[in-house]
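Participant: no sequence on this one, just coordinates:
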């Protein structure tokens, strides 16, 4: 039996679990939404939360060289980096997938035992995305690389597809940083079916709150 478990994140296509940081000056968290993931276990519900610790920064991203993904991933990294007041997250693109903490590729997430539940987008149907996080046997440690999938549902050259790929990539990168749930607000990039291209104040507040909250998950060494 494979001792590893997978944590699938439901990411609706189209737009689409810390080292605890001391508050130098408490960042604004008004409007933050629930970012943690609740899962069922034999002993009852468990809350999964995560952020990349300072010792693991910069988080290394590898992007498949297709469909403008390297550009979209770099833009996503830039947006999320700018959301943090004290450098709680830094990321970089790397050329070698074997050293990546997060791998971003085109295509549909794997089916079968490691499948991700997927729903079609209503607001931005041009593409879809998903994020898979593998956990160790204890269920308390992430086994990198986290895998992100972004896939066009139509001809990549069709109107709106590249823009959809860009915002979907930013959404999925948010999941890879530890925002494991979806915002209930359609104006947020982490809404289940996002159509906005940039992070909202609520997205930034949530990212800050997650980075200053004691996690239940750690990341295995590279």
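Facilitator: Happy to help now that I have it. Computed from a prediction, not measured in an experiment: that's the story for all the values here.
Participant: Assumed residue 149 was part of a helix.
Facilitator: No. Counting by DSSP: H, G, I helix; E, B strand; the rest coil, residue 149 is not part of a helix but strand.
Participant: was I right about it contacting residue 130?
Facilitator: Yes. At 4.8 Å, residue 149 and residue 130 qualify as touching, with contact defined as C-beta atoms under 8 Å. For glycine as for every other residue, the C-beta is placed from the backbone atoms N, C-alpha and C.
Participant: out of these two, which sits in the busier spot?
Facilitator: Comparing residue 149 with residue 130 by neighbour count (other C-beta atoms under 10 Å), the higher total belongs to residue 130, at 27 against 23.
Participant: Next, the more buried one: secondary structure please.
Facilitator: Assignment for residue 130 (three-state DSSP): strand.
Participant: Residue 105 now?
Facilitator: Per three-state DSSP, residue 105 ends up strand.
Participant: if I look at it, how far off is residue 31?
Facilitator: To residue 31, residue 105 is 33 Å away according to C-beta to C-beta, to the nearest Å.
Participant: Please apply the same query to residue 137.
Facilitator: According to C-beta to C-beta, residue 137 and residue 31 sit 37 Å apart.
Participant: if you count what's nearby, which of the two comes out ahead?
Facilitator: It is residue 31, of residue 137 and residue 31, that has more neighbours when counted by other C-beta under 10 Å, with 15 against 11.
Participant: Need the nearest residue in space to that one, chain neighbours excluded.
Facilitator: residue 202 (4.3 Å; C-beta to C-beta, 6 or more residues apart in numbering).
Participant: Kindly report the same for residue 95.
Facilitator: Residue 95 sits nearest to residue 62 (C-beta to C-beta, 6+ apart), 7.6 Å away.
Participant: Bridged to the one you found, which residues?
Facilitator: Residues in a beta bridge with residue 62, per DSSP bridges, are residue 103.
Participant: about what we covered before: residues contacting the helix or strand hosting the residue nearest to residue 31, please?
Facilitator: Assigned by DSSP states H and E, residue 202 belongs to helix 201-211. Residues outside helix 201-211 that contact it (C-beta atoms under 8 Å, 6 or more residues apart in numbering): 18, 21, 27-33, 35, 49, 51, 80, 83-85, 88-89, 174, 177-179, 183, 185, 187-190, 199.
Participant: Cool, thanks, signing off.
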